[in-house]
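just need the structure, nothing else, for what follows:
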Amino acid sequence: MLLQQGGSFNLSAKLSGPLMGPFTVGDLNDDGVADLAAAMHDRVTATDTIAVYLQHFTGGFDATPTFELSVDGLGGPTGLAIGRFSGRPFSDLVARTQGAVLVYWQEDLPPVMNRAIP
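Next up is the predicted model:
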């Protein structure tokens with residue numbers, strides 16, 4: 001992860017984990033700082049999750065996810081988006097899988113899945 005500081009980009013963190021592709025950027029903990037959500041697939045356990053990296057208020061990320069969100073065995077996310085989908089003042093996370101659209105609502109805490117939409 002490279003962050004712009006001054007006139008150049010500097011390495012903030014080298015993110016770890018079996019990141020598989022889609023990712024999105026947005027505020028997932030209502031602190032006014034952009035965070036990162038990325039699809040992960042663990043080949044050892046054959047599980048899919050969404051890794052959430054919360055940015056430190058002073059900038060930068062930890063190398064490991066702050067937390068992971070379950071996709072309830074519906075397959076790896078093929079698309080992710082962050083936005084205000086629920087009408088509340090918090091950003092939510094939406095994940096598209098092969099079998100459903102998953103909506104994770106935020107209520108000033110880490111997002112939790114509301115329901116899968118087949």
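
residues in contact with stretch 39-50?
The contact list for stretch 39-50 (Cβ atoms under 8 Å, 6 or more residues apart in numbering) reads 17-23, 37-38, 51, 65, 68-71, 73-78, 80, 93, 95, 97, 104. C-beta here means a position set from N, CA and C on the backbone, and glycine is covered the same way.

from those residues, keep the buried residues only.
17, 20, 22-23, 37-38, 51, 65, 68-69, 71, 74, 76-77, 80, 93, 95, 97, 104 (16 or more other Cβ atoms under 10 Å).

in strands, which of the residues you listed fall?
Met20, Pro22, Phe23, Ala37, Ala38, Ala51, Glu68, Leu69, Leu80, Leu93, Ala95, Tyr104 (DSSP state E).

check the residues you listed and tell me the two furthest apart.
Farthest apart among those by Cβ to Cβ are Met20 and Tyr104. That separation is 18.0 Å.
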